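Novice: Pasting a predicted model and its sequence here:
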Amino acid sequence: MSKQVKQVKQVKQVKNTTHEVIVKISDLPLSCPTDKMELWSAHPKVYLPIEKTGAEICPYCGTRFVLHDE
């Protein structure tokens, strides 16, 4: 019998630096990471529908975005 070799997929660990970001209507559409975030710690870009809820949390990094009127 042949031995089965398990392949282990390495998962990149991201430092949890959860914080809150105030978003203005002029900043929409909202995506994370934003242009102001450092690229070295970037994750895939996701668009967050903050217009519907007034607040969203990025599913990758946990950053909380809150929509405020200008």
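Specialist: Perfect, I can see it now. Numbering: from 1, shown residues only.
Novice: What segments of the chain are strands?
Specialist: Ranges of strands within the chain are 20-24, 30-32, 46-48, 55-57, 64-68, based on DSSP state E.
Novice: hey, which of the ones you listed is tucked in deepest?
Specialist: strand 30-32 (a mean of 18; mean count of other CB atoms under 10 Å). Heads up, the C-betas are built off the backbone N, CA and C, glycines and all.
Novice: Who are the packing partners of it?
Specialist: Strand 30-32 sits against strand 46-48, with contacts defined as 3 or more CB pairs under 8 Å, 6 or more residues apart in numbering; DSSP states H and E.
Novice: Paired strands for the strand it packs on, with orientation please.
Specialist: When sheet partners are counted by DSSP bridges, strand 46-48 sits next to strand 30-32 (antiparallel).
Novice: model confidence over the strand it pairs with, on average?
Specialist: For strand 30-32, the mean per-residue pLDDT is 94.
Novice: Please apply the same query to stretch 44-64.
Specialist: For stretch 44-64, mean pLDDT is 95.
Novice: now that stretch, how far from the chain's geometric center?
Specialist: The gap between where stretch 44-64 is centred and where its chain is centred comes out at 7 Å by CA atoms, centre = their mean, to the nearest Å.
Novice: Put the alpha carbons of it into CSV.
Specialist: Output in CSV follows, covering the C-alpha atoms of stretch 44-64 (Å, rounded to 0.1, in the frame of the first residue of the first chain):
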residue,chain,number,x,y,z
PRO,A,44,-8.3,41.0,-1.3
LYS,A,45,-10.3,44.1,-2.1
VAL,A,46,-14.0,43.8,-1.0
TYR,A,47,-16.8,46.3,-1.5
LEU,A,48,-18.9,46.9,1.6
PRO,A,49,-22.6,48.0,1.2
ILE,A,50,-22.5,50.6,4.0
GLU,A,51,-25.2,52.7,2.3
LYS,A,52,-27.8,50.1,3.3
THR,A,53,-26.8,49.7,7.0
GLY,A,54,-24.8,52.7,8.0
ALA,A,55,-22.1,50.5,9.4
GLU,A,56,-20.1,47.5,8.1
ILE,A,57,-17.3,45.3,9.3
CYS,A,58,-14.7,44.0,6.9
PRO,A,59,-14.8,40.2,6.8
TYR,A,60,-11.1,39.9,6.3
CYS,A,61,-9.5,42.4,8.8
GLY,A,62,-12.4,43.3,11.1
THR,A,63,-12.1,47.0,10.5
ARG,A,64,-15.5,48.6,11.4
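Novice: Lovely, talk soon.
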